[in-house]
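In: No letters, just coordinates:
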């Protein structure tokens, strides 16, 4: 298991053990973390699972593919470096300790 920390916009912290092979979005959805809407179910067809990755994790994650880059254009206040779609982040043991901050809202 990898421990993923989701921090809501209001500062509420959710530390969730997520099974490798799942996505960071599935970990949030399956554990009732508010603020991850995941309207498309993980198909990278919306931006409602947008988060800001903690700065120390930005360079440790796989690069964004073009589809994720395109969908982030529709996210609420995207950050060019820290914004990611959690449906595109597959959990591995290397992601143990990942911290993501949720935006004020999803659109």
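Out: Received the coordinates, thanks. Since we're looking at a predicted model, the values are computed, not measured. Numbers count the residues shown, from 1 in each chain.

In: Nearest spatial neighbour of residue 13, chain-adjacent residues omitted?
Out: residue 7 (5.4 Å; CB to CB, 6 or more residues apart in numbering). Every C-beta, even on glycine, is put in place using the N, C-alpha and C of the backbone.

In: for the one you found, what are its contacts?
Out: 13, 14, 99, 100, 101, 102 (CB atoms under 8 Å, 6 or more residues apart in numbering).

In: What of residue 73?
Out: residue 47.

In: any idea how far it is from residue 83?
Out: For residue 73, the distance to residue 83 (CB to CB, to the nearest Å) stands at 10 Å.

In: again with residue 54
Out: 12 Å.

In: on that earlier part again, just the ones of the contacts of residue 7 in strands?
Out: Counted as lying in strands by DSSP state E, out of the contacts of residue 7, are 13, 14, 99, 100, 101.

In: Counting neighbours, which of the residues you listed comes out on top?
Out: In terms of neighbours by other CB atoms under 10 Å, the ones in strands among the contacts of residue 7 top out with residue 100 at 22 neighbours.

In: returning to what we had before: could the ones in strands among the contacts of residue 7 go into CSV alongside pLDDT and distance to residue 22?
Out: Formatted as CSV, the ones in strands among the contacts of residue 7 follow (pLDDT from 0 to 100; distance: CB to CB, whole Å):
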residue, pLDDT, distance to residue 22
13, 98, 20
14, 98, 15
99, 98, 17
100, 98, 14
101, 98, 20
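
In: which residue is nearest the middle of the protein?
Out: Nearest to the mean C-alpha position of the chain, by CA atoms, centre = their mean, lies residue 86 at 3.0 Å.

In: Return the residues in contact with that one.
Out: Here residue 86 is in contact with 23, 24, 25, 28, 36, 38, 49, 50, 51, 100 (CB under 8 Å, 6+ apart).

In: picking that back up, which one's more surrounded, residue 54 and residue 83?
Out: Neighbour tally, residue 54 and residue 83, criterion other CB under 10 Å: the higher count belongs to residue 83, 21 against 16.
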